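A.B. asks: how would this look folded up:
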Amino acid sequence: MFTQIVVNTCLVLVGVLTVLYLYIRRQFTYWERLGVPYVKPDSFLGNFGDSFTKKRPMSEILIEVYDKSSGKGFTGVWNFFSPTLFLANPEVLRDIMIKNFDAWTDRGLPSNPESDPLSQHVAALDGKMWKDVRTKLTPTFTSAKLKHMHYLLLECGKDLEKYLESLVSKNEAIEAREVSAKFTTDVIGSCAFGIQMNSLSDEDAAFRNMGKKMLNVTIGQRFAILVLLSSPWLFKKLKLSLTPRDVEEFFLRITREAFEYREKNNVQRHDFIDLLRNLKNVDQSLGEGETVFDDKLLTAQAFVFFGAGFETSSTTIGYALHELAVNQDMQDRLRKELHEMKAANKGEITWDGLQGMKYLDMIFQETLRKYPVVPQISRVSVKPYQLPGTNVVLPSGSRCIIPIYAFHHDPQFFPNPEIFDPKRFTDEAKAQRRPFTFIPFGGGPRNCIGSRFAEQQTKIGIVSAIDKFKLSLCEKSQNPIQYKKGAHFLHADIGVWIKVSRIGADNK
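C.D. replies: Numbering: from 1, shown residues only. Next up, the predicted model:
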């Protein structure tokens, strides 16, 4: 009897392994069967396995695959054993992002509202629900609304100056990205939640700790990511989550409390929470299929605004400060532009004055070019799509990768791409640039909804750091910067270390 059980168990196991082997084998012959050129994967983990196993940074892998693909315009690759189209031509990119956007509306990001309510945010939503939420949120990021919030960002900028002043007296090197993360956490807290975060003055600030937890990938989350990339349907079936439970509970509570406080005290600040409150309170005549803006859906939007806003902007500020420390002439020129603008505006950094700082904008754009914080994005097709110039039709549900980092470092579009050169973003240079080669915020209808806010807080962070302080490299500095292996974002391996010193009154 026992022997029979063992035999039956072995037969079942062999059967399961055989089916799995045949499935994986079929996946890895997908592009060959379609007649699409492909880049042979390194292992069963696909073309990007070295990032998952932390052997190489994603930026290096993207460049390698891009170089093998650029002559063809696109190639087939594998994200684990999931066949994925890799785009390596701006025209194909334009076709997917603009011309045939209706075939590629989805991003393929995880959204399991039942098990992970904060995953139902505008960046991850698909279909009609994405359109409804995006339409409702868009008014937050108009120039008029951002101008209303300008004073809130300036207050955080002044706090950053005070914090840097306290560090100067200690004569210690600073990790620019961490300092910037504290600044952007305070900005998002003020503009989104109406709360003074005190991340710069309090080393144990709650929001800063939550931000760190959001980026700290656990073993369980790595498993969930593996399932998501290899079998998205299984990710949903198993009701997996990428949001730590304590982070979820924190944001649900803090958003609910913000709603209740403002309702009770009739407080209005013209910020993100006010917009969400209006969506919650408006008397909607809901028809079939209309989106219901309940507390969890609204909190998800505040959550992604915080997560995406503090992380991407703080990393960009850190890299910008690094390049200004490397290039003293650029730092001096930018500081001169800032002081001239302030002199023309009674010593203040006004909204209009900030918009008029052309050299600051060139520094900002070149930082995004050289250091795109999100090195790649993805799209998922919702209908069959014919590959340009071929008879190959990809089925609905196909995935594609848009390698932002590789486009930004293609010498065909940006000569000597490893050189930091703000002149790439003069008006004349931008007019001559080939479209869809500079895409730090994506492109088309699914571009980053908060890009203008990100630009505003990043620029204020940069000018607040150089107004009264000189930035320079130190013993801890790494130049050129090496990237962290296995990171989803373009993070520096050992951080961005610089020295900050006070500028004498005679130098101002």
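A.B. asks: which helices and strands does the helix or strand hosting residue 501 pack with?
C.D. replies: Residue 501 belongs to strand 497-502 when elements are defined using DSSP states H and E. Contacts defined by 3 or more Cβ pairs under 8 Å, 6 or more residues apart in numbering; DSSP states H and E place strand 497-502 against helix 150-168, strand 174-175, helix 295-326, strand 469-472. (Glycine included, C-beta is placed from N, CA and C.)
A.B. asks: Output it as CSV, nothing but the C-alphas.
C.D. replies: The C-alpha trace of strand 497-502 is given here as CSV (Å, rounded to 0.1, in the frame of the first residue of the first chain):
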residue,chain,number,x,y,z
TRP,A,497,27.9,61.9,-1.1
ILE,A,498,28.9,65.6,-1.3
LYS,A,499,30.4,68.3,0.9
VAL,A,500,28.4,71.4,1.7
SER,A,501,30.1,74.6,2.8
ARG,A,502,28.8,78.1,3.6
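A.B. asks: For that strand, which outside residues touch it?
C.D. replies: 164-165, 167-168, 173-176, 321-322, 325, 465, 468-474, 476-478 (Cβ atoms under 8 Å, 6 or more residues apart in numbering).
A.B. asks: Between helix 150-168 and it, find me the angle.
C.D. replies: 90 degrees (axes from the mean of the first three to the mean of the last three Cα atoms, to 10 degrees).
A.B. asks: same question for strand 497-502, mean pLDDT?
C.D. replies: Mean pLDDT, strand 497-502: 96.
A.B. asks: re the thing from before, going through the contacts of strand 497-502, which ones are buried?
C.D. replies: 164, 168, 173-176, 321-322, 325, 465, 468-473, 477 (16 or more other Cβ atoms under 10 Å).
A.B. asks: just the helices in the stretch 51-200 of the chain please.
C.D. replies: 58-69, 90-94, 127-137, 143-148, 150-168, 176-188 (DSSP state H, counting those that start in this stretch).
A.B. asks: any chance of those in a markdown table, plus distance to residue 435?
C.D. replies: Shown next, in a markdown table, are those (distance: least, Cβ to Cβ, whole Å):
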| stretch | distance to residue 435 |
| --- | --- |
| helix 58-69 | 18 |
| helix 90-94 | 6 |
| helix 127-137 | 23 |
| helix 143-148 | 24 |
| helix 150-168 | 31 |
| helix 176-188 | 30 |
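A.B. asks: which of those helices sits most buried?
C.D. replies: Of the helices of the stretch 51-200 of the chain, the one with the most neighbours on average (mean count of other Cβ atoms under 10 Å) is helix 176-188, at a mean of 26.
A.B. asks: pLDDT weak spots in this structure?
C.D. replies: 1-23, 196-205, 207-208, 212, 215, 217-218, 221, 229-231, 281-289, 504-508 (pLDDT under 70).
A.B. asks: Find the residue at the geometric middle of it.
C.D. replies: By Cα atoms, centre = their mean, the chain has its centre lying nearest to residue 374, at 4.6 Å.
A.B. asks: Next one: it from residue 315, what distance?
C.D. replies: 10 Å (Cβ to Cβ, to the nearest Å).
A.B. asks: what touches both of these two?
C.D. replies: What both residue 374 and residue 315 touch, as defined by Cβ under 8 Å, 6+ apart, is the set 489-490.
A.B. asks: Can you get me the start-to-end distance on stretch 482-489?
C.D. replies: 13 Å (Cα to Cα, to the nearest Å).
A.B. asks: And the regular element (helix or strand) spanning residue 220, what does it pack against?
C.D. replies: Residue 220 is located in helix 219-230, with elements delineated by DSSP H and E. Using 3+ Cβ pairs under 8 Å, 6+ apart, the elements in contact with helix 219-230 are helix 49-52, helix 232-237.
A.B. asks: Contacts only, for the spatially closest residue to residue 244 that is not a sequence neighbour.
C.D. replies: Sequence neighbours aside, residue 213 is the residue nearest to residue 244 in space, at 5.5 Å (criterion: Cβ to Cβ, 6 or more residues apart in numbering). By Cβ under 8 Å, 6+ apart, residue 213 lies in contact with 244, 246-247.
A.B. asks: Please pick the buried ones from the residues you listed.
C.D. replies: Of the contacts of residue 213, these count as buried by 16+ other Cβ under 10 Å: 244, 247.
A.B. asks: okay if I get the contacts of residue 213 as TSV plus secondary structure and distance to residue 120?
C.D. replies: Converted to TSV, the contacts of residue 213 look like this (DSSP: H, G, I helix; E, B strand; the rest coil; distance: Cβ to Cβ, whole Å):
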residue	secondary structure	distance to residue 120
244	coil	17
246	helix	19
247	helix	15
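A.B. asks: gap between residue 280 and residue 299?
C.D. replies: Residue 280 is 10 Å from residue 299, by Cβ to Cβ.
A.B. asks: oh sorry, the question was meant for residue 191
C.D. replies: On the measure of Cβ to Cβ, residue 191 and residue 299 end up 16 Å apart.
A.B. asks: Looking at these two, which one has more neighbours?
C.D. replies: Using other Cβ atoms under 10 Å as the criterion, residue 191 and residue 299 rank with residue 191 on top: 27 against 24.
A.B. asks: doesn't residue 153 make contact with that one?
C.D. replies: Yes: contact criterion Cβ atoms under 8 Å: residue 191 and residue 153 qualify, at 7.1 Å.
A.B. asks: mind checking which of the helices of the stretch 51-200 of the chain is nearest residue 425?
C.D. replies: helix 90-94 (17.5 Å; Cβ to Cβ).
A.B. asks: From the chain's centroid, how far away is the closest one?
C.D. replies: 21 Å (Cα atoms, centre = their mean, to the nearest Å).
A.B. asks: Likewise for stretch 411-420?
C.D. replies: 22 Å.
A.B. asks: gap between the two ends of that stretch?
C.D. replies: 13 Å.
A.B. asks: What are the contacting residues of it?
C.D. replies: 90, 323, 326-327, 366-367, 369-370, 407-410, 424, 433-434, 437-438, 480.
A.B. asks: can we see that at 10 Å?
C.D. replies: 63, 70, 90, 319-320, 322-324, 326-327, 330, 363, 366-367, 369-371, 406-410, 421, 424, 433-434, 436-438, 480 (Cβ atoms under 10 Å, 6 or more residues apart in numbering).
A.B. asks: Tell me who's in contact with residue 107.
C.D. replies: 123-126, 130, 377-380, 399, 442, 446.
A.B. asks: brain fart, residue 30
C.D. replies: If you count contacts by Cβ under 10 Å, 6+ apart, then residue 30 has 36, 38, 76, 78, 81-84 around it.
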